[in-house]
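K.L.:
sequence and predicted model, in that order:
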Amino acid sequence: MSDITGPNEALPPAIQLDEPPRFPPPIQDPPPPPSAALRPVPFEDRETFPGFWPRVGGMFQLVFRNPMELFDRVPATRGLGAPWRFLLLLSVPVFLVMALVFFFLGMGIMFAALDQVGKGDHRAIAAIMPLIFGAIVLLMPLFSFLGMIIGGAFNHFFLWMWGGLRPGVGTEQSIRAYGYASAFIQLGGLIPYLGFLLQLAGLVVIGMGLARMHRTDTWRGVCAVLTPVFLLCCCGLAAALTIPAFIAAMHH
């Protein structure tokens, strides 16, 4: 008999082939939660650092370990009170140095006034020195706040001029970042002989951090931070050349 089936004959049952083995999907680590990526800076992270001084120490650890991470964490929270308080806290050593300068200067003027008793001008200057010192003490928080606002706003403005602003990060975050970073920079300025260089290096770090925070080119951030310094130097040079010429013209 022929093995070929006719048109009316039933086909043989299909042979069930073994299904390919099914492997479990690869195990992947879950993505980190958004709160871990946007953890606040240690000074504002009361959950991780319940105490005040541990939060201050956490700021120093963060800056010395990875300064750029400070700028990554700044946008996690809002408000200018925390960076202002931190800036004011680290301004205490600067204030003490200024107090010593004013003290020795006042003592020198007082001794000069005692040598020249007949001259009332020296007495007046010696008497007004404590008033000047007291005014600086009272106005120090205001000066710190205004310096943070003006410096951060200028950096934000010049970053806009250099085409480095990106949506999502506003002027407030630039001011916050400037407040935290400038607090460390002013401490570096107290180191003898190296203070000026450390301040310039700190400005460059602020520019790099702002560029990272705004997701723009690094050179734009550095140029934005150094532009006010360049303009200030130009104004000082112009004044140094113009004022003597103006005084000489007045005498003639």
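P.N.:
Arrived safely.
K.L.:
ok, residue 174 to residue 142 distance?
P.N.:
Separation of residue 174 from residue 142 (C-beta to C-beta, to the nearest Å): 21 Å. For every residue, glycine as well, the C-beta is placed using N, CA and C.
K.L.:
now residue 177
P.N.:
Counting by C-beta to C-beta - residue 177 and residue 142 are separated by 21 Å.
K.L.:
out of those two, which sits in the busier spot?
P.N.:
More crowded of residue 177 and residue 142, by other C-beta atoms under 10 Å: residue 177, with 27 against 9.
K.L.:
off-centre distance for the helix or strand where that one lies?
P.N.:
Element membership for residue 177 (DSSP states H and E) is helix 171-188. Relative to its parent chain, helix 171-188 has a centroid offset of 3 Å by C-alpha atoms, centre = their mean, to the nearest Å.
K.L.:
mind giving me the packing neighbours of that helix?
P.N.:
Other helices and strands packing on helix 171-188, by 3 or more C-beta pairs under 8 Å, 6 or more residues apart in numbering; DSSP states H and E, are helix 67-73, helix 81-90, helix 92-115, helix 120-161, helix 195-213.
K.L.:
at 10 Å what do you get?
P.N.:
For helix 171-188, the packing partners by 3 or more C-beta pairs under 10 Å, 6 or more residues apart in numbering; DSSP states H and E come out as helix 52-65, helix 67-73, helix 81-90, helix 92-115, helix 120-161, helix 195-213, helix 218-251.
K.L.:
got the angle for that helix vs helix 52-65?
P.N.:
90 degrees (axes from the mean of the first three to the mean of the last three C-alpha atoms, to 10 degrees).
K.L.:
pull the CA atoms of helix 171-188 into CSV?
P.N.:
These are the backbone C-alpha positions of helix 171-188, laid out as CSV (Å, rounded to 0.1, in the frame of the first residue of the first chain):
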residue,chain,number,x,y,z
THR,A,171,18.1,82.2,40.4
GLU,A,172,17.3,81.0,43.9
GLN,A,173,19.3,77.8,43.4
SER,A,174,22.3,79.7,42.0
ILE,A,175,22.2,82.0,45.1
ARG,A,176,22.0,78.9,47.4
ALA,A,177,25.0,77.3,45.7
TYR,A,178,27.0,80.5,45.9
GLY,A,179,26.2,80.9,49.6
TYR,A,180,27.4,77.5,50.6
ALA,A,181,30.5,77.6,48.4
SER,A,182,31.6,81.1,49.3
ALA,A,183,31.4,80.1,53.0
PHE,A,184,34.3,77.7,52.4
ILE,A,185,36.2,80.2,50.1
GLN,A,186,36.3,82.9,52.7
LEU,A,187,38.0,80.5,55.1
GLY,A,188,40.6,79.7,52.5
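K.L.:
so for it, what gets flagged as buried?
P.N.:
By 16 or more other C-beta atoms under 10 Å, the buried positions in helix 171-188 come out as 172-187.
K.L.:
and the angle from that helix to helix 195-213?
P.N.:
Using the same axes, to 10 degrees, helix 171-188 lies at 150 degrees relative to helix 195-213.
K.L.:
quick one: mean pLDDT over helix 171-188.
P.N.:
Mean pLDDT, helix 171-188: 92.
K.L.:
could you do stretch 61-77 as well?
P.N.:
Stretch 61-77 comes out at a mean pLDDT of 92.
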